[in-house]
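> Just to be clear, the model below is a prediction. Sequence and coordinates:
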Amino acid sequence: MNDGSYALFGGINSTQIVGGQGGLKTFPSFPNFLGTWSLEGQKVYYNGTMLAGTGISYPAIIDTGTSQMSIPPRVFSKLQDTWQENVPGGIDCTHDETFCTSDKSCTEI
């Protein structure tokens, strides 16, 4: 691409969509207790293995403009358990908040 970077607010550039504007697909919202738009999450995989206890249906919010996602606390706790096992030295929320909840809890959600 020889074009410079740019931001487009309130519209689309169909030349950047595979199949043009006809390539856009919609997804139905999965009803949830927050009343927000979400996708239906069904399983969480980590390193190619499904995490135990995550093979259930739940609302999942994925922000494609960031590296953030929102999942239910019970699913997040399964991820934290896996991270605790796989992160060298374990999870330390005091020095690195990467794997922690907003209240800096590492063990309880």
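Received, thanks.
> lowest-confidence helix or strand of this structure?
Across the helices and strands of the chain, mean pLDDT, DSSP states H and E gives its lowest value to strand 69-70, namely a mean of 70.
> pull the longest strand from this structure.
Assignment by DSSP state E gives strand 58-62 as the longest strand of the chain.
> pull the CA atoms of it into PDB?
Extracted C-alpha coordinates of strand 58-62, given in PDB (Å, rounded to 0.1, in the frame of the first residue of the first chain):
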ATOM      1  CA  TYR A  58     -22.000 -17.100  27.300                       C
ATOM      2  CA  PRO A  59     -22.000 -13.500  26.000                       C
ATOM      3  CA  ALA A  60     -18.600 -12.300  24.600                       C
ATOM      4  CA  ILE A  61     -17.800  -8.700  23.700                       C
ATOM      5  CA  ILE A  62     -14.800  -8.400  21.300                       C
END
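> quick revisit: run through the neighbouring helices and strands of the next helix or strand after the least confident helix or strand of the chain.
The element immediately downstream of strand 69-70 (helix or strand, assigned by DSSP states H and E) is helix 73-86. In terms of contacts (3 or more Cβ pairs under 8 Å, 6 or more residues apart in numbering; DSSP states H and E), helix 73-86 is not packed against any helix or strand. From N, CA and C alone the C-beta is placed, and that goes for glycine too.
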